[in-house]
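Student: the following block contains a protein sequence and its predicted model.
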Amino acid sequence: MQSAFTYSGRVLLASVACVLGAAALTFVVDPLQLFRSSRLAPAFYSDDTRVQNAGLIRSQSFDTAFMGTSLAIHFRQSDIDRALGVHSLKLAMTGSNSRQQGFVLEQAIDHGARRVVWAMDDFIFVDAAGIEADPYLAVDLYRGTAKGIASYLFNATMAKESLFALLRSVPPLRGPLGRVAPFLPVKFALSDVDDIYALPRDFEVARGYNAKRTLAAFAYITDPVRSRFLGEGYGYDAMVRHFEHDAVGLIARHPDVTFDIYFPPYSILQFVAMRDASPATLKIVTDLTAFIAQRLTQLPNVRLYDFRAIKAVTHDLDNYGDVIHHSPVIDAKVLSWLARGEYRVDPKAPLASLNELKAQVEAYRVEH
């Protein structure tokens, strides 16, 4: 009996030692760079932006935060810096909503951002769980609470990442492991922060973005079997409420921060799809963005831009990979427009660009 107890005790002590050892390894290596910039091992980064952003905010030096959804995810920080003359931190998160974006931006502002560039999609304001109940964003990790730190240190995945980071720091292994890291089951595989969720530099733009793909996406989303999804989550009252709380509330709390907010240049087919297959959704979108434009142009620390009615871009379907996601060529144009202050919404005529867009949508005919 005593022998069995002794064996169980040893197993328990060994288990505790392993857990504490793994936690110590994660603390020392700190793959997310929550506690310090990487010193023991070279820094590596992850495309899991909802987690990675928590570390970037704490470890990077920046004066400008760049936020958006998948429409802003492929921008490179170096391009943003060069075009706008800033020191940026890209925090875009695919599929993110306004609750998540507002929360992450608040953390970035608290850590030094004096300017925010925000790609504001209408669909970020769809109704969703509050930030405290959000299952996809570890708010305690961002806040650095005891719960958040514990979830980081006592995480088997982070221990594995830490061990792999140590192996990569060994000179003979650094080159080989660095090259194969993107193909291994590790999250932290990117050696340059500029490459986080960016397209490869040798990416063939014409293959990924062209009219054939855009028209195929249009046919797919307007098919009667799927067209009901065009309006999924859209409700005017709820969206206005989230806009006021998540966007206006954030802006009002930080009057010393400049907010450059823009409506991204969706292809014209995004709105035509709604026109033809879900007109009620189109009305919600136009009513909502009318409200947003009138509201934001009255705030002294906001510069609002509307890129949705630039016909030379939005009607050229070769610029898109589907009906909303534009190519890196348009990324560069967006940055140049922001740098030159082009297509800024006039507070005296906040609905001018929206009215132009409405006229384009009404007149557009799809060529099959």
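Tutor: Done, it's in. Numbers count the residues shown, from 1 in each chain.

Student: list the contacts of the lowest-mean-pLDDT helix or strand in the chain.
Tutor: Least confident helix or strand of the chain, by mean pLDDT, DSSP states H and E, is helix 171-180 with a mean of 74. With contacts defined as CB atoms under 8 Å, 6 or more residues apart in numbering, helix 171-180 is touched by Pro42, Phe164, Leu167, Arg168, Ser191. Bear in mind the C-beta positions are built from the backbone N, C-alpha and C, glycine included.

Student: show me where the stretch 251-368 of the chain has its helices.
Tutor: Assigned by DSSP state H, counting those that start in this stretch, the stretch 251-368 of the chain shows helices spanning 268-277, 279-296, 311-314, 328-340, 352-363.

Student: just name the most buried of those.
Tutor: helix 268-277 (a mean of 23; mean count of other CB atoms under 10 Å).

Student: and the contacts of it?
Tutor: 214-215, 217-218, 221-222, 224, 227, 230-231, 281-282, 285, 308, 311, 314-315, 317, 320, 323-324, 357, 360-362, 364, 366.

Student: and Ala181, which of the helices of the stretch 251-368 of the chain is closest to it?
Tutor: helix 328-340 (23.9 Å; CB to CB).

Student: pull the distance from that closest one to the chain's centre.
Tutor: 18 Å (CA atoms, centre = their mean, to the nearest Å).

Student: what do you get for stretch 281-288?
Tutor: Per CA atoms, centre = their mean, the displacement of stretch 281-288 from the mean C-alpha position of its chain is 23 Å.

Student: ok, back up a step: what are the buried residues along the least confident helix or strand of the chain?
Tutor: By 16 or more other CB atoms under 10 Å, the buried positions in helix 171-180 come out as Leu177.

Student: show me where pLDDT drops low in the protein?
Tutor: 1-5, 7, 40, 178, 368 (pLDDT under 70).

Student: what's the longest helix in it?
Tutor: As assigned by DSSP state H, the longest helix anywhere in the chain is helix 2-29.

Student: what about that helix, distance to the chain center?
Tutor: Distance of helix 2-29 from the chain centroid (CA atoms, centre = their mean) equals 39 Å.

Student: stretch 42-51 too?
Tutor: 13 Å.

Student: so what touches it?
Tutor: Contacts for stretch 42-51 (CB under 8 Å, 6+ apart): 31-33, 37, 52, 56, 59, 73, 91-94, 96, 100, 136-138, 141, 165, 168-169, 174, 181, 187-193, 195-197.

Student: make a PyMOL selection of the buried ones in those residues.
Tutor: To isolate the buried ones among these in PyMOL, judged by 16+ other CB under 10 Å, type:
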select buried, resi 31+32+33+52+56+59+73+91+92+93+96+100+137+138+141+165+168+181+187+188+189+190+191+193+195+196+197
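
Student: which of the contacts of stretch 42-51 fall in helices?
Tutor: Per DSSP H, the contacts of stretch 42-51 map to helices at Gln52, Leu56, Ser59, Gln100, Leu141, Ala165, Arg168, Ser169, Arg174.

Student: now, the most widely separated pair of those?
Tutor: Most distant of the ones in helices among the contacts of stretch 42-51, by CB to CB, are Gln100 and Arg174, 35.2 Å apart.

Student: report the contact partners of Lys90.
Tutor: Per CB under 8 Å, 6+ apart, neighbours of Lys90: Phe66, Ala72, Phe75, Arg76, Gln77, Ile80, Ile196, Tyr197.

Student: for it, list each beta-bridge partner.
Tutor: Phe66 (DSSP bridges).

Student: ok, it to Met67 distance?
Tutor: Distance, Lys90 to Met67, using CB to CB, to the nearest Å: 8 Å.

Student: now do Asn319
Tutor: Taking CB to CB, one finds Asn319 at 22 Å from Met67.

Student: the two: who's more crowded?
Tutor: Ranked by neighbour count (other CB atoms under 10 Å), Asn319 and Met67 place Met67 first, with 27 against 22.

Student: that one contacts Trp118, doesn't it?
Tutor: Yes: counting by CB atoms under 8 Å, Met67 touches Trp118, with 4.9 Å between them.

Student: contacts only, for the residue lying closest to Gln100 once chain neighbours are set aside.
Tutor: Excluding its sequence neighbours, the residue lying closest to Gln100 (CB to CB, 6 or more residues apart in numbering) is Leu137, at 5.2 Å. Counting by CB under 8 Å, 6+ apart, Leu137 touches Arg50, Gln100, Phe103, Val104, Ile131.

Student: quickly note the distance from Leu137 to Phe35.
Tutor: Using CB to CB, Leu137 is found at 20 Å from Phe35.

Student: what do you get for Leu153?
Tutor: Going from Leu153 to Phe35 by CB to CB gives 10 Å.

Student: circling back to that earlier point, the longest helix of the chain: which residues count as buried?
Tutor: Buried, per 16+ other CB under 10 Å, within helix 2-29: Ala22, Ala23, Leu25, Thr26, Val29.
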